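**Student:** next input, structure requested:
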Amino acid sequence: MKTINKENSGYQDRAVKVVQFGEGNFLRAFADEMIDEANEQNVFGGNIVILKPTPVRAGSGTFESFRRQECQYTVVLRGKKEGHTVCEKRKITSVKEILSIYDEWQAVLKLAAVESLKIVISNTTEAGIIYKEEKRDAEAPPSTYPGKLTAFLYERFEMFHGAADHGLIILPVELIEDNGDTLRNCVLHYADVWNLGEKFAWWIENACTFCNTLVDRIVPGFPGDEAQTMWEELGYRDDLLDVAEPFGLWVIEDKGNVRKDFPLDLAGMPVMFAESVRPYKQRKVRILNGAHTSFALASFLAGNDDVLSSMKDECIRTHIMKVLYEEVLPTLTLPEDEVKAFAAAVIERFENPFIKHQLLSISLNSVSKWRERCMPSLIAYEEKKGRIPEHLAFSLAALLQFYTGSELQDGALTGHRKCGEISETYQIHDDQAVLEFFAQSSRNCAADFVKNTLEQSRFWGQDLTQIPGLARLVTEDLENIRRVGVRSALEQLERPEEAGEGKR
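**Tutor:** Numbers count the residues shown, from 1 in each chain. The predicted model follows:
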């Protein structure tokens, strides 16, 4: 079987407009896929050079595949879209080459002198945007991404004599708060420590544009056992084959000239230019992430193992829909039609038959996740409606039941799941202090367990027992879960008469 390469992919040698720090699955199925489609529609007209920001290990399959396939590969978007199951295949022909920063540093620096260059994109993980004290070495790359970027930008500053019209647009997609601002501050810190001069610092702040961004797309990556079948369907071998869901969203804070130089939205791409990413982050965290956290633990205790099976479980699905449409959406500040459309897209994503998102994977660090994702909606609902949202309160009771266990070993607490014929143990992973607290407190009666947990300001940032009625409601739910199980407790939540008159 032939291998995809520039000769058979339809590659076009356009001007290099994008330098990309990172060669992973996400950027290839997200930014590169969007740029490629914009090129096809003659909207962008620029190719990409990918930089591998970490050392190339001997036998590095991905890097070798890039070189062997001449940076050509395929993205398959499959899942549900507007009610229909879709499977869209695209040859990505907009990547010109890949360079290893550690093995080809001088070649990387030469890119800084490319006249047509406009954009820098990065995804170096959440831990990538950090400052680390180190000496500048003109012959070798710094150890951190911000250090590498500083050296790259300084090379461009020198080559073009500090010309303001040769600054670059920096688009980090690392999932940290204010990613663009944080990256700019790191670069300025390096510039100061390395004594690169006030003119360079001025150029960074005035000629370059660092944008805060928000990105959203699930990218499982290489299809594993399905690869051979997919190669046969494509008619060629592709060791860089990248699979993702159809949904995508890229919110970019536009500070003047970004949309002009990066007009991907004109090609129909899900790119949004906004004054601030914060409302869209709130929407994503509260709706997508909040929904995950609000049902994952309850669904697992009810006998499900992944998101798709949860969506097929009518009891869990009803819980999810009530959390989203009755308790979360009314608390958001964006326009109603906008958040409803996003919620509908989230439900479609949960129903994607090609992605098996494990509930135990979602369960990692659930205490901090519930604080960030669900607690703001619960508090906002109580402030707006004057009462506790019942399904979000139930999600907190389910968290306490999921974290019930006394065996703490090797950094994990052992929990016990029993529903129907299922009786098994599972591992609970969280910060050590969290696990130690639950190993001790979960032995108590429901009322004491709830009170002790809710008053832990170190977990929640405040004493949740001060929210009127919350402790009572969570205690009732936990007592019911312990008595009849999660599934029956949820069903009784929908039919309160079964739990006794006046329970709620």
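
**Student:** need the distance between the two termini of stretch 320-339.
**Tutor:** Across stretch 320-339, the terminal residues are separated by 15 Å (CA to CA, to the nearest Å).

**Student:** in it, what counts as buried?
**Tutor:** Neighbour-count burial for stretch 320-339 flags Ile320, Lys322, Val323, Leu324, Glu327, Val328, Leu329, Thr331, Leu332, Val339 (criterion: 16 or more other CB atoms under 10 Å). Placement of C-beta: from N, CA and C, glycine included.

**Student:** may I see the residues you listed organised as CSV, with pLDDT and secondary structure added?
**Tutor:** Shown next, in CSV, are the buried residues of stretch 320-339 (pLDDT from 0 to 100; DSSP: H, G, I helix; E, B strand; the rest coil):
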residue, pLDDT, secondary structure
Ile320, 97, helix
Lys322, 97, helix
Val323, 98, helix
Leu324, 97, helix
Glu327, 97, helix
Val328, 97, helix
Leu329, 97, helix
Thr331, 95, helix
Leu332, 94, coil
Val339, 93, helix
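
**Student:** what about the chain, any weak spots by pLDDT?
**Tutor:** When residues are selected by pLDDT under 70, those of the chain lie in 58-60, 496-504.

**Student:** show me the domain layout of it.
**Tutor:** As assigned by automatic domain parsing, the chain contains the domains 6-274, 279-499.

**Student:** and the buried residues of stretch 320-339, which is closest to Val243?
**Tutor:** Nearest to Val243 among these is Ile320, at 24.9 Å by CB to CB.

**Student:** was I right about the closest one contacting Gly290?
**Tutor:** No. Ile320 is beyond contact range of Gly290, at 10.5 Å (criterion: CB atoms under 8 Å).

**Student:** next secondary structure after the one helix or strand Thr475 maps to?
**Tutor:** Using DSSP states H and E, Thr475 falls within helix 470-484. Scanning forward in sequence from helix 470-484 by DSSP H and E, the next helix or strand is helix 486-494.

**Student:** can you name every helix or strand that that next one contacts?
**Tutor:** helix 290-301, helix 314-322, helix 390-402, helix 470-484 (3 or more CB pairs under 8 Å, 6 or more residues apart in numbering; DSSP states H and E).

**Student:** next, the angle helix 290-301 makes with the shortest one.
**Tutor:** Following axes from the mean of the first three to the mean of the last three CA atoms, to 10 degrees, one obtains 160 degrees for the angle between helix 314-322 and helix 290-301.

**Student:** what angle do helix 486-494 and helix 314-322 make with each other?
**Tutor:** Angle of helix 314-322 versus helix 486-494, following the same axes, to 10 degrees, is 50 degrees.

**Student:** ok, and what's touching helix 314-322?
**Tutor:** The contact list for helix 314-322 (CB atoms under 8 Å, 6 or more residues apart in numbering) reads 291, 294-295, 298-299, 302, 304, 310-311, 347, 350, 391, 394, 487, 490-491, 493-494.

**Student:** cool, and stretch 369-386?
**Tutor:** Applying CB under 8 Å, 6+ apart, the external contacts of stretch 369-386 come out as 285-286, 289-290, 292-294, 327-328, 330-331, 388-389, 392-393, 395-396, 399, 459-461, 464, 467-468, 470.

**Student:** try it again at 6 Å.
**Tutor:** Stretch 369-386 has contacts (CB atoms under 6 Å, 6 or more residues apart in numbering) with 285-286, 289-290, 293-294, 327-328, 331, 388-389, 392, 399, 460.

**Student:** list the buried residues in it.
**Tutor:** Neighbour count says stretch 369-386 has 369-382 buried, by 16+ other CB under 10 Å.

**Student:** save those residues as a markdown table, and put in distance to Ile119 and secondary structure too.
**Tutor:** Below are the buried residues of stretch 369-386 laid out as a markdown table (distance: CB to CB, whole Å; DSSP: H, G, I helix; E, B strand; the rest coil):
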| residue | distance to Ile119 | secondary structure |
| --- | --- | --- |
| Lys369 | 33 | helix |
| Trp370 | 37 | helix |
| Arg371 | 35 | helix |
| Glu372 | 30 | helix |
| Arg373 | 31 | helix |
| Cys374 | 36 | coil |
| Met375 | 37 | helix |
| Pro376 | 34 | helix |
| Ser377 | 35 | helix |
| Leu378 | 40 | helix |
| Ile379 | 39 | helix |
| Ala380 | 37 | helix |
| Tyr381 | 41 | helix |
| Glu382 | 44 | helix |
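
**Student:** which one of the residues you listed is nearest Gly405?
**Tutor:** Lowest distance from Gly405 to those (CB to CB) belongs to Trp370, with 17.4 Å.

**Student:** check the gap between the closest one and Gly290 for me.
**Tutor:** 9 Å (CB to CB, to the nearest Å).

**Student:** how close does Leu266 get to Phe394?
**Tutor:** In this view, Leu266 and Phe394 are 45 Å apart by CB to CB.

**Student:** these two: who's more crowded?
**Tutor:** When neighbours are counted by other CB atoms under 10 Å, Leu266 and Phe394 differ, and Phe394 comes out ahead with 27 against 12.
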